[in-house]
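Sequence and predicted structure are below.
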Amino acid sequence: MKKKTLIGIGLGIFLGLLGIGIFGEQGLLKLQELRAERKELEQKSVQLKKENEKLDNKTKLLKENFEYLRRLVREKLGMIRPDEVIIELPEPGATVNQSLPEKEK
């Protein structure tokens, strides 16, 4: 009887420690979560490094290439030189009102 009780207690302790090892705060399930999170963060880090490299290249272009800067300002901000005139054309397929405004009398 004593032997069975000791085996039962030992088995209970073993199962308890096993449960803590698997499901506890620092158990195997938490370890799997942390590994998945680390993998996700590593992927994001690679993505951010690529984005940072693109931004560094663009910054270098802006600092060193005046023609690139001039073209970018013209495209993005719509700026023109003082001696230029902008002529806006209708979009292809757009209908144009062809009647001229009447002169006031």
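It's in. Numbers count the residues shown, from 1 in each chain.

Run the chain-centre distance for the host helix or strand of Lys60.
Using DSSP states H and E, Lys60 sits within helix 28-64. Relative to its chain's centre, helix 28-64 lies at 9 Å (CA atoms, centre = their mean, to the nearest Å).

Give me the helix or strand of this structure that scores worst on average pLDDT.
Least confident helix or strand of the chain, by mean pLDDT, DSSP states H and E, is helix 2-23 with a mean of 78.

Next, count neighbours for Leu29.
Burial of Leu29 is recorded as 13 neighbouring residues (other CB atoms under 10 Å). In this view, the C-beta of every residue, glycine as well, is placed from N, C-alpha and C.

Distance of it relative to Gly21?
Plainly put, Leu29 is 10 Å away from Gly21 if you go by CB to CB, to the nearest Å.

do Gly93 as well
70 Å.

So which of those two has more stuff around it?
Shown here are Gly93 and Gly21; by other CB under 10 Å, Gly21 has more neighbours (12 against 5).

give the contact list for the more buried one.
Each residue near Gly21 by CB atoms under 8 Å, 6 or more residues apart in numbering is listed here: Gly27, Leu28.

mind showing which ranges of the protein have poor pLDDT?
Scanning the chain for pLDDT under 70 picks out 96-105.

Pull out the buried residues from the helix or strand that comes right after the helix holding Lys60.
Once helix 28-64 ends, the next helix or strand along the chain (criterion: DSSP H and E) is helix 66-77. By 16 or more other CB atoms under 10 Å, helix 66-77 has no buried positions at all.

Now do the same for Ile86: helix, strand or coil?
coil (DSSP: H, G, I helix; E, B strand; the rest coil).

what's the answer for the one 4 residues further on, then?
For Pro90, the assignment made with three-state DSSP gives coil.
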